[in-house]
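Chemist: coords please:
(chains A and B)
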Amino acid sequence: MTELATALQNWEPVIGLEVHVQLATRSKAFAPSAILFGAPPNSLTDPVVLALPGTLPTFNKAALEMALRLGVATVSKIRAKSRFARKHYFYPDSPKGYQISQYDEPLCEEGVLDILLPEGGRKRVKLTRIHLEEDAGKSSHAGAFSLVDLNRAGAPLVEVVTAPELGSAEEAAEFMRALHRMVRYLGISEADMEKGQMRCDANVSLRRRGEDRLGTRAELKNINSFRFVQKAVEHEIARQARILDGGGTIVQETRLWDADRGASFSMRSKEEANDYRYLPDPDLPPLHVDGPLMMNVMRTMPELPMAKLDRFVRDYDLREPEARQLIEAPALADYFDAAIKAHGSDRAARTLAAWITTELGGALNRDGKSIEDSPVTPAHIAALVKLIDDGTISGKMAKTVFDEVYTTGTSPDAIVARDGLRQISDPVEIERIALEVMAASPKQVTAYRAGKDTLFGFFVGAVMKATGGKASPQVTSDVLRRLLS
Amino acid sequence: MSGLTRAEVEELAVLARLELTEDELARMQVDLAAILVHMEALAEVDTSAVAPMTHAVPMDLRLRKDEPQPSLPVEVALRAAPDARDGHFRVPNIIKTQEGA
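Modeler: The predicted model follows:
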């Protein structure tokens, strides 16, 4: 049994997440500089970002609208009046000496987010709050010095805080996936974890199974991929269980997750005092969310991931695992909807879904392409499935046609017409060919009739070869069985 | 009136990033305590039915359109920095990690 499995026999993990998501605005939250990933260091600053004397923050309307979309999608209570607060700390990546955040009057409270459980089913996770804040700059540490780049400083973030009710490392990772999916559906963030657009801190504590009281927690910082969420939390569960089983106590502390070493390290800042001295930001009057603004947000809400999943299972009779695959990215779900529309029959949904997730998904995956770059359009997939449905081509021929569509972007109908790819399903025609095959292979015929059943495939293969793969597999099989018996 | 301990004044100095001499610490302890006396006088007023006022003028936050404006050239942004290197602000190392159990 692994160390983790042993730990989980005695101890129940209690996990809460704080996830920062960078909102996809063009300019910063309180400053007019642009936001561009990969721009030269410190090329996206202005007097507000640098906190030069005499500057004042002005809030970006798009950031508010995006945060409200998330608030509506998570059924949060949204404050008509919320407030920005200053969170004070001295750190070189924050020139003002404070971060503009929200404290006791956050924009959203008491929301929920449903996560998909790996073993099937869903879990509704309570969200304590969602608030708006600005990002800090980036510092890289090199020997005795740190280098500071303020390009990211002032980028708008939402911080999503869950209640401590995730029960495993898998659930923590699934929460991240659910939030990632949600913000992408809402179009409020690309949430590219490699670019730091979605980052997570995890609060982990253990309690003895059967107990209600929460244990002392440690906060893990710097988690920036779905895989690392799971690994970091698993590692922390094992670490705490080891200490507790050894009769020790957990120290409430912040630990930095080091993905390269697969371990966490206690983080001690030279600044020991952890006193943020929050106060309402005198530069920013209360943030008022009025009716017209809310109406605009509500009117433009898209179909959300779980609603889509339900619809795919209910209306198209998809199996849950396949439906889950299709809703993972909004563009993929849209692709599937478009393919059904192009085909015209809901009954083809399962076949279309299979082609999209298996053939197309496999090819895109192989080439590192996303569905947006697919050379095969939804109409192509629909046409291909229709050609199989009406018996024009076999499933096997369809794979060849698919490859051709994928490589050239030519439509399936055009390929079929051009290459004369028409399935031979006339039994008379196939019988003629089958008889020729049998006449050419008398030994195999005798052996088969003597009971060597495995030779059946040989005859099917020979008919296929003689017809250039165009014989209908079903008709061929029927005809051969009759002739050989 | 409670006053302020010497340790509290020292902690405040750390939070405010102020380096105070012995004399200044002693003077601050007296001055800050005197300010607290005034605050305590205010605390005697019953404000339980009054909403906190954080701004002198009742107004809502004005929202800005999401339109980027030109940023400062890098050399201008870095001009006032005491130290810079390769387009970055350079500061003494700030983080120290320590291997945990």
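Chemist: all contacts plus neighbour counts: C-alpha atoms, from now on.
Modeler: Fine.
Chemist: Quick one: residues in contact with the helix or strand where A:Ala398 lies.
Modeler: Assigned by DSSP states H and E, A:Ala398 falls within helix A:395-408. For helix A:395-408, the external contacting residues (C-alpha atoms under 8 Å, 6 or more residues apart in numbering or on different chains) are A:374-376, A:380, A:384, A:388, A:410-412, A:415-416, A:421, A:469-470.
Chemist: So among those residues, where is pLDDT lowest?
Modeler: Among these, A:Leu421 carries the lowest pLDDT, at 68.
Chemist: Tell me, how many residues neighbour the closest residue to A:Arg255 other than its chain neighbours?
Modeler: Excluding its sequence neighbours, the residue lying closest to A:Arg255 (C-alpha to C-alpha, 6 or more residues apart in numbering or on different chains) is A:Ser266, at 4.4 Å. Neighbourhood size, A:Ser266 [other C-alpha atoms under 10 Å in any protein chain shown]: 19.
Chemist: wait, is A:Ser266 part of a helix?
Modeler: No. Secondary structure of A:Ser266 (DSSP: H, G, I helix; E, B strand; the rest coil): strand, not part of a helix.
Chemist: Could you give the number of residues near residue 89?
Modeler: Answering for chain A, as no chain was given. 20.
Chemist: oops, I was thinking of chain B
Modeler: For B:Phe89, the count of nearby residues is 24 (other C-alpha under 10 Å).
Chemist: same question, the one 3 residues further on
Modeler: Residue neighbour count, defined by other C-alpha under 10 Å, stands at 14 for B:Pro92.
Chemist: Skipping its backbone neighbours, what lies nearest it in space?
Modeler: A:Phe145 (4.5 Å).
Chemist: Contact partners for that neighbour?
Modeler: By C-alpha under 8 Å, 6+ apart, A:Phe145 lies in contact with B:90-94.
Chemist: What are the boundaries of the strands in chain B?
Modeler: B:63-64, B:84-85, B:88-92, B:95-99 (DSSP state E).
Chemist: who's the residue nearest to A:Arg255 bridged to?
Modeler: Listed by DSSP bridges, the beta-bridge partners for A:Ser266 are A:Arg255, B:Gln98.
Chemist: And it, how close does it get to A:Cys200?
Modeler: A:Ser266 sits 17 Å away from A:Cys200, going by C-alpha to C-alpha, to the nearest Å.
Chemist: cool, and A:Lys81?
Modeler: With C-alpha to C-alpha as the criterion, A:Lys81 and A:Cys200 are 27 Å apart.
Chemist: Who has more neighbours out of the two?
Modeler: Shown here are A:Lys81 and A:Cys200; by other C-alpha under 10 Å, A:Cys200 has more neighbours (25 against 16).
Chemist: Tell me if I'm right that B:Leu78 and B:Arg85 touch.
Modeler: No. The pair B:Leu78 and B:Arg85 does not pass the contact test of C-alpha atoms under 8 Å, sitting 9.4 Å apart.
Chemist: Show me what stretch A:410-423 is in contact with.
Modeler: Contacting residues not belonging to stretch A:410-423 are listed as A:380, A:383-384, A:387, A:391-394, A:397, A:401-402, A:404-405, A:470-472 [C-alpha under 8 Å, 6+ apart].
Chemist: what's the average pLDDT for the top helix by length along chain B?
Modeler: Using DSSP state H, we find that the single longest helix of chain B is helix B:22-43. Helix B:22-43 comes out with an average pLDDT of 89.
Chemist: Report the buried residues of that helix.
Modeler: Of the residues in helix B:22-43, B:25, B:28-30, B:33 count as buried by neighbour count, 16 or more other C-alpha atoms under 10 Å in any protein chain shown.
Chemist: Phi, psi for the closest residue to chain B within chain A please.
Modeler: Chain B sits closest to A:Phe145 of chain A, with a gap of 4.2 Å, by C-alpha to the nearest C-alpha. Here is the backbone geometry of A:Phe145 (degrees, to the nearest 10): phi -120, psi 160.
Chemist: now that we have the contacts of A:Phe145, which one has the most neighbours?
Modeler: Result: B:Arg90 is most packed of the contacts of A:Phe145 (other C-alpha under 10 Å), 22 neighbours.
Chemist: What residues are recorded as beta-bridge partners of that residue?
Modeler: Per DSSP bridges, the residues bridged to B:Arg90 are A:Leu147.
Chemist: okay, which residue is most central for chain B?
Modeler: Nearest to the mean C-alpha position of chain B, by C-alpha atoms, centre = their mean, lies B:Ala16 at 5.8 Å.
Chemist: which residues touch A:Gly28?
Modeler: Not Gly; residue A:28 is Lys. By C-alpha under 8 Å, 6+ apart, the neighbours of A:Lys28 are A:34-35, A:60, A:154-156, B:68.
Chemist: hmm, 6 Å instead?
Modeler: A:154-155 (C-alpha atoms under 6 Å, 6 or more residues apart in numbering or on different chains).
Chemist: Just the buried residues from the contacts of stretch A:410-423, in ChimeraX please.
Modeler: In ChimeraX, this line selects whichever of these come out buried by 16+ other C-alpha under 10 Å:
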select /A:380,383,384,387,392,393,394,397,401,402,404,405,470,471,472
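Chemist: which of the contacts of stretch A:410-423 sit farthest apart?
Modeler: A:His380 and A:Ala471 (23.2 Å; C-alpha to C-alpha).
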